[in-house]
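J.: Starting from these lines, generate the structure:
(one chain, ligands or ions: 1)
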Amino acid sequence: MKRELRYGAAALRKRATTRLIAWLIPEILPTAVYGIAVAHATDNFLGGHVWQGIAWLGGLVATACLGAAGARQVYGRLGDLVEPVRDDLVRRVVAGALRTGDDSAVARLNRQVEIVRDTFAGLVLVIRSFAVTLFGVLTGLLSLAPLVAAFVVPPFLLGFALSLAVLGMAADRVRASLQADEDLAASAGMVFGGVRDITAAGTEEFAGRLVGDPIEAHAAAERALAKVAALRTLCFAVGGWLPLLILLAAGPWLIGRGVSTGTLLGGLTYVLIGLQPALNAVMGALGDSGLRYVITLGRILDSSAEVERPGHTDTPTGFDVSLRGLSFAYGPNAEPVLDKLELTIPEGEHLAVVGPSGIGKSTLAGLVCGMLTPTSGQVLVGGVRPARATPATRVLIPQEAYVFSGTVLDNLIYLLPNATTPQVADAVDAIGAAALIERIGGLTADVKPGELSAGERQLIALVRAYLSPAPLVVLDEATCFLDPEAERVAEEAFARREGTLIVIAHRISSALRARRILVLDGNQAALGTHVSLMRKSRMYRDLHGNWAPTISRSQIQPAS
Ligand SMILES: Nc1ncnc2c1ncn2[C@@H]1O[C@H](COP(=O)(O)OP(=O)(O)OP(=O)(O)O)[C@@H](O)[C@H]1O
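T.: Residues are numbered from 1 along each chain as shown. Purely as a prediction, here's the structure:
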């Protein structure tokens, strides 16, 4: 919210604002005078001086005309103030769309720019008119009877301060409500789209849960919003009605102290037709236009900040990977897969990640490579969030290797299009893919992905990753279809390659080759070498015990 308020404040630092303020003075006058005029007119009428009473009311009409002339000037000045805001926002939106090539963003964001312009103008008007009333009423009350002011002003200011305090809370809750609304629309849309399949597969209960949670979240957000509305009414009661009650209750005491009936009526006039409507208007505007301004402007600034940086990316400094209190769950109410994980993987490290099936190894790989966003905590690669880091910083090879129709060479140099022939030959040799490529027909032969075995596809993907310029390589069971010997050759090649290597291991041999091993165990994690983990991690000892016999009798699909 601070950023949006700063933006508004900067937009107000203009000459147009000074001119707008200057035109406040003729408007303050009638506001200051009407209580005094009512007081004197009443006292004169009560004292039988009818003409003097009428003269006071005539004076009130004259100052009101002066105020109207001042108000007329305001609208012309307002344009000078808000149009530059609109221009600036449109410039940001269009510049962003040109960089991203997202034409639809222009239409979407332009609508938001209109909202910001209108709400900004509305806020300027309401705040200005509130200031006029406040200054006018204070001046009038103090010149009429400071004693009356002492009863009226403090509860009014208290109500106003409480309203401002509630606004911050309201902004958060409106944002939460919008988010809940969007989440519900997304999950309901997904379920409605798949009703036929859900019925066919008999997964109604699962689908019910899928929309049930967002419905609950939405209802909770709306209830929270309703509580804020109730609080706002309470604040208005304090600021708008309490001064009136106090003044009425203190009436006899004030009259006993020499305050005239007219003066009391003048004080009530200031509250009833000055302070109370002004507070109502400013609170309504801040709670409605103000929140729409903050939230809509926030969205525009967020989207333009995303595109203001070239290519939407940051360049990491170094390639150490740090996990800081990293937690991740696949849904708002799902059990966390990873919980407050702390780990630093220094540049050049060779780390193996082991753990039972479904413990979260692939989830961790996805987080490190920026394909998943942490629920809380951080992943940083060279000090930068992976999703924002330049894509060339990391490569993730999953279990199901991706190979596309094209030549073998196209497939190999996909991540380094300008690779030289010796570079390609080195990579092929290092990974042990020479025999496979020869069998396919050489580098210029066409690849037919469907005709390759899973292991062969993995070999091609491994050469591609090896050849890539990425200093961080994550192999997520990327060698699981290779025989142990082919896996050893490939892994050793990656270990020799410069950079950081993270291997999600599916065999103990992979873990034994690594410099350090991370054992994921429920929400716990243990880090160490094979020797230290055999001593301190029961989970690692169990995995080692289960894995060891399978090494010799692995049923592995040969690579070639
Ligand atoms: N897209 C998803 N949506 C919901 N839950 C998921 C999703 N992907 C994974 N999970 C769940 O998250 C948990 C961790 O999964 P993950 O694939 O990270 O485990 P893993 O240790 O890599 O398992 P494996 O060794 O079998 O590949 C599992 O309970 C899994 O069912």
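J.: secondary structure element for the residue lying closest to G240 once chain neighbours are set aside?
T.: Distances taken as CB to CB, 6 or more residues apart in numbering put Q276 closest to G240, at 4.3 Å, once the chain neighbours are dropped. The way it works is simple: take the backbone N, C-alpha and C, and place the C-beta from them, glycine included. Assigned by DSSP states H and E, Q276 belongs to helix 276-285.
J.: Which positions in this protein make contact with the ligand?
T.: Contact residues (CB under 6 Å from any ligand atom) of the chain with the ligand: Y330, V337, G355, S357, G358, I359, G360, K361, S362, T363.
J.: show me the contacts for the fourth one.
T.: Remark: with contacts taken as CB atoms under 8 Å, 6 or more residues apart in numbering, S357 is in contact with nothing.
J.: Shouldn't it be within a strand?
T.: No. Per DSSP: H, G, I helix; E, B strand; the rest coil, S357 lies outside any strand segment and is coil.
J.: Mind pulling up the pLDDT for it?
T.: On pLDDT, S357 comes in at 87.
J.: ditto for the second one
T.: Among the per-residue scores, V337 holds a pLDDT of 90.
J.: On the three-state scheme, the closest residue to the ligand within the stretch 101-250 of the chain is what?
T.: The stretch 101-250 of the chain approaches the ligand most closely through L210 (11.0 Å), counting by CB to the nearest ligand atom. Assigned by three-state DSSP, the conformation of L210 is helix.
J.: for the helix of greatest length in the chain, packing partners?
T.: In terms of residue count, the longest helix belonging to the chain (DSSP state H) is helix 50-100. Contact analysis of helix 50-100 by 3 or more CB pairs under 8 Å, 6 or more residues apart in numbering; DSSP states H and E lists helix 2-12, helix 15-22, helix 24-46, helix 103-144, helix 291-308 as its packing neighbours.
J.: now R385: how far from T375?
T.: Using CB to CB, to the nearest Å, one gets 14 Å for the distance from R385 to T375.
J.: which SSE is A150 in?
T.: Take DSSP H and E as the rule and A150 turns out to sit in helix 146-193.
J.: Ramachandran coordinates for L326?
T.: Taking degrees, to the nearest 10, you get phi -80, psi 120 for the backbone angles of L326.
J.: State the number of residues packed around it.
T.: Using other CB atoms under 10 Å, L326 has 23 neighbouring residues.
J.: I figured it hits L380, correct?
T.: No. Using CB atoms under 8 Å, L326 is not in contact with L380; the gap is 10.0 Å.
J.: by contact count, what packs against whatever helix or strand V503 lives in?
T.: For V503, the host element (DSSP H and E) is strand 500-504. The contact analysis (3+ CB pairs under 8 Å, 6+ apart) places strand 500-504 against strand 350-354, helix 361-368, strand 472-476, helix 484-496.
J.: among the ones you listed, which is nearest V282?
T.: Smallest distance to V282 across the helices and strands packed on strand 500-504 (CB to CB): 45.9 Å, for helix 361-368.
J.: Which strands or helices does that closest one pack on?
T.: The contact analysis (3+ CB pairs under 8 Å, 6+ apart) places helix 361-368 against strand 321-328, strand 338-345, strand 350-354, strand 376-381, strand 394-397, strand 472-476, strand 500-504.
J.: what comes up buried for the first one?
T.: By neighbour count on 16 or more other CB atoms under 10 Å, the buried set for strand 321-328 is V321, S322, L323, L326, S327, F328.
J.: related to what we said a few turns ago, what about R385 and T375, which has more around it?
T.: T375 (18 against 15).
J.: That one contacts F328, doesn't it?
T.: Yes. Judged on CB under 8 Å, T375 makes contact with F328 at a distance of 5.1 Å.
J.: what touches both of these two?
T.: The contact sets of T375 and F328 overlap at P336 (CB under 8 Å, 6+ apart).
J.: separation between the residue lying closest to V74 once chain neighbours are set aside and the ligand?
T.: Leaving aside its chain neighbours, V74 sits nearest to W23 (5.6 Å; criterion: CB to CB, 6+ apart). Separation of W23 from the ligand (CB to the nearest ligand atom, to the nearest Å): 60 Å.
J.: how deep is W23 tucked in, by neighbour count?
T.: Around W23 there are 18 residues (other CB under 10 Å).
J.: Contact partners for it?
T.: Contact partners of W23, counting by CB under 8 Å, 6+ apart, are G70, Q73, V74, R77.
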